Structure formats: structure tokens, C-alpha cells
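*Asks:* Mind folding the following:
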Amino acid sequence: MKKSAITLLFSSVFFFNTYAQKGYWQQWVDYQMEIEVDVEKNQFEGDQVLKYTNNSGDTLKRVFYHLYLNAFQPNSMMDIRSRTIEDPDRRVADRILHLKEDEQGWHKIKKLTQDGKKVNYKIKGTLMEVILNQPILPNTSTTFIMSFKSQLPLQVRRTGRDSQEGIRLSMTQWYPKMAEYDKNGWHAYEYIGREFHSVWGNFDVKINIDKDYMLGATGILQNPEEIGKGYTDKEVTPKVKNGKLNWHFKADSVLDFAWAADPDYVHKTASLENGTILHFLYQEDSTTVHWDSLPKYAVRIFEIMNENFGEYPYKQYTIAQGGDGGMEYPMITLITGNRSKGSLVGVTVHEVNHSWYQHLLATNEYLYPWMDEGFTTYTSDFVMGHLFSTFKPYSRYNDGYFRLVKSGKQEPLTTHADHYETNFAYGVASYTMGAMFLRQLGYIVGEEVMHNSLKKYFEVWQYKHPDPIDFIKVVENVSGIELKWFLKYWTESTKTIDYGIESVKNKNGKAEVLIARIGDFPMPIDLLIEYKDGSKEMINIPLSLMWGEKTAEKGVENYKVAADWPWSFPKYSLMLDKPMSEIKYMEIDPSERMPDVERNNNTYPFNEEDIYSPE
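*Replies:* Numbering: from 1, shown residues only. The predicted structure follows:
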């Protein structure tokens, strides 16, 4: 280990022990799996050994497994939800209802024991409740051994076989998976096609599949000398047994294991300077011509993220054509291939960035999808702005948010991901409002301070399960500003921001600016003032709730901090040093980082007919 890495490790541990929640713990899993794939029947049989470590202070009398493939059956919760929600995902719609028997997905549990003794279980849709023979005491481990048989459904959502682009196997959410238990108890939720919360652990997976298939997966391939296929520079003869190859992968400290396979994949690689290998798997045809340029963009994506938000620690990442759009998993993403170059790079940026905000900062996506999707969206814009000079980061956020507000369908960000009443509200809340959360923090504490906070957040909370308070405490520590008020307003309410310049008049020879808080959401104010002599000043009005203020940001000259605005006061009087006759222009929040729902009242003069009158 390099000296710098050791220093970083100890600084992270110190910060975590100092600022993280006292008594923090998380569960742990160690999976060993071997499966036999029948590519003709689209079925596979597997053996799973799962060592489960209970690091909580609770005694567990039952555990839950996710059986995701069971969602792909007519009249499943996912099917009914898709057919009854106001705005169904077009990729799902009523397709599950019409799946034929050999197109459906399912898991059949053939055997399950705990520490060598058979246990009873009950399957309800995509969940299996296991009643334990022996409770799992605090700080002890138990071992479950399972044999199972599964059928992969026709590609509908995320997982499946024979996608619309002809990819044979998109193997995601494919195995019986232990549910997460944390400080809030079990997170055993039926799968309806939305989010996840997973247990940290190690995976040792062997996949026996037809020798003609090329495969990419979570983890590091352990037997490249038996596989060949571009995973080793040596000349090797693949070790074929009964017409199959045995692919052996290991992944340490990850949340999940996914893979993809197709007999027509081409395999290309690229390398980062730190030794991480990027793998690219896709069908080389007229619809994937832009994939040839993807490796150079992918290298830049990782370089930008490593430099600005924390270093990706794993030694491989795979970008595979598959699935039905774009979906992230540890050390691998599956994305559709038939895209323009801009779309291909854009979706790759987003899915790669999930490696930071879901697969290293593993927030509970059921409860806080905005922390994963939103932070990923924000940093994706940052990366795209570095990749393409014509791309305007963060420019589209407000419009989507305003549409949601005006629609009357907005729900608080604290809504459970599965329980949003519309996909529209869920999408804007999780992606757009999550990104706007960071955008507004940049407005409140300063862009550079906010970016430094994101770096510290990654350093402190990687390989854990941070929640919103954990994040905001990091920003508070870096900035010296109290911010829990902002967190609560933005995530627990649907209150909106609206500030306006109400009047400008002379008082004792100087201009008095009266600013009104029209909306219910209090915020600090940046007020830009331009004078007729060409001079400018930026006046920052902090909220009393903040117990601090933003320092001057880069590029801002003549910056002044005014007296605090008590949050309960609907109006604020600001006295300038010059008379109103010298004012050329004023604007609240010229950066437009504050999502003010009515910006028409943010500027002065109010209209062209304004007359500068004497006192």
C-alpha cells in the first residue's frame, strides 16, 4: 500500500469516528454460488452458500430473501402496478400480463438449510420469509445453503433474455438475494421495478455456460487462462467441459452481482493509469458504430470522477450492451446499444457515476432515491460539461421541477420510492430534485465548498450506508454553516421558493430595497446590483438559521455580506450606499441556482416605464 493511501485511510477513519453516527453498524454477507446455465431453455440451476453476519445489537429470528424473477409473472405486484398506475413505464406497460409460460420468470427453492438443518420458509411474490431454527445473536454468523432453479424471463425490465436488440442474457437481479437489515429493521419490499437496498459483502461466483458465449460480470475473472476470449494476453486454449466454459469471478466489498452474456459480443478493453481495466462488450453492427469511440470517453469519465469526487477503488469495470435502457450494478453496467454518440456517452456517464453514489456510497434507494439518482445526475452534468464544450450543465433542472409543481402531482422526497403515485413525480423527485439539492447547496455555501464537501462525503462514507443527515453533517462541518433546515424543507415538504423585489425608494439620500419572501420556503439571498457608472456589487443576505454565511465565490467581485434575515420575517429592508438614481439594474439570484417559481419579480427596474424619481 502506498504511503498516500495509508494516510488517506487513517484520515478517513479519524473523520468517520469523529463525525459519523455513534454506534454505526452494518450487516455483512459472503456468497459462494455456482450455476449451470441451459441456454436453450433459458433456465439455470444453482447452489448458494451464504454466510450471514449479524453486526447489529438485535437478535434476528427471521430473514428475508428477494426473489426478483418472480415479478415477471402475470398478476404479480409489478404487473398490476404497471397496469394501474397513471403513467406506466412504456417498457413494461401490460407486457408481463401477456408473457407466455416459457417467457415468464421464476425461482424455485429446492433446498434450504441453516447451519446444516432444514428451515421453513414462506414465499410471497418476490419475497421469501425464512423462519430460523436458531436465532442469529448479535455479533454472530450463520450459514445458509440453498439449491434453486430459475427461469429467466423475456426481457421486459432490466433483467431478461432476448432483448429487443438481440442480446441473449441480461443477468441482473437473477439470484435469491438476502434483504438488508439496518437500524430501521428489515427492508423487505416487493419488487415493482424501482429501487434497491443491499447488504455489503463478498461474492465468489462460478457460471457454467455454453462455450460460444462471451461474458462480462461484476468482479475479477479468476481463471482467464481457462477462458481466453480477450481476458488474457496469452495464447490459451479455452478449457471446455461438456460443451461449456466455467467462468469464475470474485468481487470483494460490493452490494450485488450482475452479468451479461451473448455469443456475438465483441470484447474490447481500455486501461486507466491506476491499472483499472475497462471492458466493453457489444454486438458490432450498423446500430453500434459509436461504440468504437466509447473507450476513450469512458477513460475520461473515470479520470474526471477520480480527480473531482474520489477515486474508484475497484480494478475493473464493464460496459455491456444489454437490458432495456441503462442500469447500474457493481463494476458493470448494462445499456442499450442503438444510440447516437451523445446519447451513448451520456448514458455511460450516468451509469458509471452510479459507481460512486450507489455502489460505494450505498444509500437506501427505497427511502432516499434522490441521494443516489440525484447526486449521480448532478455529477454527470459536471462530467458532460468537461467532455463537450457545447453541453450546459445543470441548465434543465428548473424546468422539470417547475412542471411538476404546476401539475399538482409533487410529493415530498421522503416518499418511499415504490409509493409515488406517478412515475412522473418519482422521476422528477429522484433525478431532478436530487440534483437540485446539490445545486442549491452550492448557492447556499458556495460551489467550491460544496464540491469539497462531496469529496469529504465520499472519503468518509464509502462502503457504508449514509442517510441524508450523514451527508448534511459533512457539508456543515466543511462549510461551518447550519443546513438541517434546508434538508427538511427540501425533502420533507412541497413548499416552494419565491422572492421578489417589492420596492426601491430613496431614504435619507440612499436607496432602500425592500425584498419580499412570497413563498413558504426560506432561503438566503444573492442580490446583484449594477450601477450606472459601470460598477457592480454582490450582496449576500444570509438566513438567521444558517449561523454563518457564504464567502465570495470565484469570479465574484465587490462581495458584501448583509445582516441576517430572520426566517419568520416576510420582508427585508436593505440600505444601499448610493441613491436609487444611480442604480441601473438589480437581480435576485443571477446564477439561477435557487429554483424561484416566479422569477419575473426578481429584477429591477420592474418595467421599461420605471422612472427614477428624487426623494
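*Asks:* tell me the pLDDT at the residue nearest the centre of the chain?
*Replies:* Closest to where the C-alpha atoms of the chain average out (CA atoms, centre = their mean) is Asp372, at 2.4 Å. On the pLDDT scale, Asp372 is placed at 98.
*Asks:* Under a three-state scheme, what state does it occupy?
*Replies:* On the three-state scheme (DSSP: H, G, I helix; E, B strand; the rest coil), Asp372 is labelled helix.
*Asks:* if you skip the residues just before and after it, what's nearest to it?
*Replies:* Gln358 (4.6 Å; CB to CB, 6 or more residues apart in numbering). (C-beta placed from N, C-alpha, C; glycine too.)
*Asks:* thinking again about what came up before, so the residue nearest to the centre of the chain sits against Trp356, correct?
*Replies:* No. Using CB atoms under 8 Å, Asp372 makes no contact with Trp356, being 9.6 Å away.
*Asks:* who's in contact with Lys206?
*Replies:* 33-35, 246-249 (CB atoms under 8 Å, 6 or more residues apart in numbering).
*Asks:* and if you look at Glu129?
*Replies:* Applying CB under 8 Å, 6+ apart, the residues contacting Glu129 are 62-64, 121-122, 188.
*Asks:* Out of these, which end up buried?
*Replies:* Applying 16 or more other CB atoms under 10 Å to the contacts of Glu129, the neighbour count classes 62-64, 121, 188 as buried.
*Asks:* taking those residues one by one, which sit in strands?
*Replies:* 62-64, 121 (DSSP state E).
*Asks:* Restricting to C-alpha, output stretch 133-143 in PDB.
*Replies:* The C-alpha trace of stretch 133-143 is given here as PDB (Å, rounded to 0.1, in the frame of the first residue of the first chain):
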ATOM      1  CA  ASN A 133     -34.400 -22.600  13.700                       C
ATOM      2  CA  GLN A 134     -31.800 -20.800  15.700                       C
ATOM      3  CA  PRO A 135     -32.000 -17.000  16.100                       C
ATOM      4  CA  ILE A 136     -28.900 -15.100  14.900                       C
ATOM      5  CA  LEU A 137     -27.500 -13.400  18.000                       C
ATOM      6  CA  PRO A 138     -25.700 -10.100  17.900                       C
ATOM      7  CA  ASN A 139     -22.200 -10.200  16.500                       C
ATOM      8  CA  THR A 140     -22.500 -13.800  15.300                       C
ATOM      9  CA  SER A 141     -22.700 -15.500  12.000                       C
ATOM     10  CA  THR A 142     -24.800 -18.300  10.400                       C
ATOM     11  CA  THR A 143     -24.600 -20.200   7.100                       C
END
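*Asks:* now that stretch, how far from the chain's geometric center?
*Replies:* Mean-position distance between stretch 133-143 and its chain equals 32 Å (CA atoms, centre = their mean, to the nearest Å).
*Asks:* Please apply the same query to stretch 430-447.
*Replies:* 14 Å.
*Asks:* CA-only coordinates of that stretch in CSV, if you can.
*Replies:* Extracted C-alpha coordinates of stretch 430-447, given in CSV (Å, rounded to 0.1, in the frame of the first residue of the first chain):
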residue,chain,number,x,y,z
SER,A,430,-35.4,11.4,-7.6
TYR,A,431,-33.3,12.6,-10.5
THR,A,432,-34.1,16.3,-10.9
MET,A,433,-34.8,17.4,-7.3
GLY,A,434,-31.9,15.3,-6.0
ALA,A,435,-29.6,17.1,-8.4
MET,A,436,-31.2,20.5,-7.5
PHE,A,437,-30.5,19.7,-3.8
LEU,A,438,-26.7,19.9,-4.6
ARG,A,439,-27.2,22.8,-6.9
GLN,A,440,-28.9,24.8,-4.2
LEU,A,441,-26.2,23.8,-1.6
GLY,A,442,-23.7,25.4,-4.0
TYR,A,443,-25.8,28.5,-3.9
ILE,A,444,-26.0,28.5,-0.1
VAL,A,445,-22.4,27.6,0.9
GLY,A,446,-20.6,28.3,-2.3
GLU,A,447,-19.8,26.0,-5.3
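*Asks:* still on that earlier bit, any chance of the ones in strands among the buried ones among the contacts of Glu129 in a markdown table with distance to Trp106 as columns?
*Replies:* Listed next are these as a markdown table, based on distance: CB to CB, whole Å:
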| residue | distance to Trp106 |
| --- | --- |
| Arg62 | 23 |
| Val63 | 21 |
| Phe64 | 18 |
| Tyr121 | 16 |
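*Asks:* can you list the residues you listed in CSV and add distance to Met523 and pLDDT?
*Replies:* Converted to CSV, those look like this (distance: CB to CB, whole Å; pLDDT from 0 to 100):
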residue, distance to Met523, pLDDT
Arg62, 46, 98
Val63, 45, 98
Phe64, 42, 98
Tyr121, 51, 98
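*Asks:* Confirm that Glu165 sits in a helix.
*Replies:* No. Counting by three-state DSSP, Glu165 is located in no helix; its state is coil.
*Asks:* quick one: it from Asp324, how far?
*Replies:* 9 Å (CB to CB, to the nearest Å).
*Asks:* Residues that sit against both of these two, list them.
*Replies:* Going by CB under 8 Å, 6+ apart, residues that sit against Glu165 and also against Asp324 are Thr336.
*Asks:* More neighbours: which of the two?
*Replies:* Asp324 (22 against 19; other CB atoms under 10 Å).
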